[in-house]
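1. This is the structure alone, sequence omitted:
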């Protein structure tokens with residue numbers, strides 16, 4: 001549409017994305033390129049044209065001249081012209097993109113674009129964008145691009161928050177793509193990492209951005225962003241699977257936090273992702289927020305996936321993750337969507353999980369049930385989400401810290417009984433007991449069916465403050 005092109009940047013896809021997000025009451029996270037290239041405008045172009053580079057392993061079913069960049073024998077095509085389908089850009093391109101967004105929507109403090117992702121999964125560029133990045137990126141290249149392009153964003157909108165390095169997964173946290181280039185057991189001799197003090201890539205990156213802030217007099221990286229897909233067989237982006245896979249999926253959420261949980265995957269060690277990220281930030285760049293920029297525990301069309309998703313959301317809140325983005329979201333009526341509603345709209349009238357974390361322990365149920373609790377600012381209610389990840393009913397107690405008594409309890413449940421709805425449980429009478437001896441704190445009585453999510457909204461009597 002030539003008329004539409006003449007109006008750019010007004011009416012661009014980025015503008016429409018921001019407008020739609022604002023209409024839904026959402027903040028915008030916009031990805032800007034660090035890679036140094038953008039798609040060539042004005043037509044349809046192939047990075048690896050069959051007409052130009054010869055027969056290839058596969059071609060696009062709709063555009064048969066566009067090959068996959070591998071010859072019929074599987075060997076990669078080298079020496080291609082990157083301008084076949086791309087245009088070189090520099091940080092000025094990003095500044096010229098962000099500036100009209102600020103002009104149109106205001107800066108980040110005025111309701112404009114709040115977050116800018118500094119590209120995506122750079123240690124995979126040599127595979128995903130081999131037409132323009134034929135070699136694996138190294139430590140210095142990641143730092144230099146981040147500093148230059150983050151500065152361009154901040155020049156255009158000093159109030160915006162930047163996220164990086166948006167790295168893809170486990171090996172990308174510890175080594176660069178350049179480390180892996182020799183092939184074989186390259187991790188035994190990671191030359192790029194060793195040339196940088198033998199420091200894991202993500203930790204080194206944080207330290208370099210701290211140094212860049214000191215040099216520039218302003219923070220260039222606001223949010224430390226890593227992607228995470230559990231590596232246990234049959235979990236991430238996969239259907240529910242058999243009984244063993246379902247159980248494995250629900251165990252694998254512990255990789256987000258548990259230092260005693262050895263991962264059931266090729267990593268074969270405790271992942272403890274969020275504490276690991278916190279440790280790196282504390283050591284290398286204090287004050288940086290945390291983001292899990294992509295994640296997916298699979299089976300979002302099944303109650304099993306809803307249980308995992310609800311558990312993950314609770315872990316994110318308890319462990320202090322500032323931002324997290326589900327990759328490949330499910331339909332609004334899928335079970336996975338109800339995991340979000342158990343926290344965000346449990347009663348269908350906007351009833352939400354609280355904002356201020358509260359300590360809750362599970363007593364004898366702790367082995368079988370994940371419990372998450374928070375106080376809600378609007379009415380002072382204590383909200384508790386209980387995730388029964390087992391195939392058996394569980395009875396027990398949730399011991400409540402800082403609570404002297406319970407007036408009433410509302411409960412809402414989601415399970416396979418009706419996977420199309422959250423059911424309010426009958427009655428609002430308090431169901432509570434004491435934890436331990438008579439002088440112990442009150443405890444919410446838990447009676448949880450197999451494989452279920454239950455949200456409690458508890459009207460509590462607070463413990464009187466101590467001291468004068």
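-> Arrived safely. Worth saying up front: this structure is predicted, and the values here are computed from it rather than measured. Numbering: from 1, shown residues only.
2. where do the strands sit along the stretch 351-468 of the chain?
-> 356-357, 360-361, 369-375, 382-388, 394-400, 403-414, 423-424, 432-434, 442-448, 452-462 (DSSP state E, counting those that start in this stretch).
3. and what of the stretch 1-150 of the chain?
-> Per DSSP E, counting those that start in this stretch, the stretch 1-150 of the chain carries strands over the ranges 29-32, 37-39, 86-88, 115-118.
4. for the first one, packing partners?
-> Taking 3 or more CB pairs under 8 Å, 6 or more residues apart in numbering; DSSP states H and E as the contact definition, the neighbouring helices and strands of strand 29-32 are helix 13-23, helix 91-105, strand 115-118. For glycine as for every other residue, the C-beta is placed from the backbone atoms N, C-alpha and C.
5. Next, the buried residues of that strand.
-> Neighbour-count burial for strand 29-32, counted by 16 or more other CB atoms under 10 Å, picks out 29-30, 32.
6. swap in the third one?
-> Taking 16+ other CB under 10 Å as the neighbour-count basis, strand 86-88 is seen to contain the buried residues residue 86.
7. List of residues touching that strand?
-> For strand 86-88, the external contacting residues (CB atoms under 8 Å, 6 or more residues apart in numbering) are 36-41, 47, 82, 131-132.
8. do the same with the second one
-> For strand 37-39, the surrounding residues in contact (CB under 8 Å, 6+ apart) are 45, 82, 85-89, 93, 129, 132.
9. Okay, the nearest residue to residue 376 once chain neighbours are set aside and residue 375: tell me how far apart.
-> Nearest residue to residue 376, sequence neighbours excluded (CB to CB, 6 or more residues apart in numbering): residue 354, at 3.8 Å. Computed as CB to CB, to the nearest Å, the residue 354 to residue 375 distance reads 5 Å.
10. now do residue 359
-> Residue 359 is 11 Å from residue 375, by CB to CB.
11. More neighbours: which of the two?
-> Per other CB atoms under 10 Å, whichever of residue 359 and residue 375 has more neighbours is residue 375, with 19 against 11.
12. With distance to residue 460 and mean pLDDT as extra columns, can I get the strands of the stretch 1-150 of the chain in TSV?
-> Below are these laid out as TSV (distance: least, CB to CB, whole Å; pLDDT from 0 to 100):
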stretch	distance to residue 460	mean pLDDT
strand 29-32	36	98
strand 37-39	55	96
strand 86-88	59	98
strand 115-118	35	98
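13. I'd like these laid out as JSON lines, including distance to residue 197.
-> Listed next are those as JSON lines, based on distance: least, CB to CB, whole Å:
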{"stretch": "strand 29-32", "distance to residue 197": "29"}
{"stretch": "strand 37-39", "distance to residue 197": "31"}
{"stretch": "strand 86-88", "distance to residue 197": "32"}
{"stretch": "strand 115-118", "distance to residue 197": "23"}
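14. Now do the buried residues in stretch 281-294.
-> Neighbour-count burial for stretch 281-294 [16+ other CB under 10 Å]: 281, 284-285, 288-294.
15. Which elements pack onto the host helix or strand of residue 206?
-> Using DSSP states H and E, residue 206 maps to helix 201-216. Applying 3+ CB pairs under 8 Å, 6+ apart, we find helix 201-216 packed against helix 139-156, strand 161-167, helix 170-174, strand 223-228, helix 273-284.
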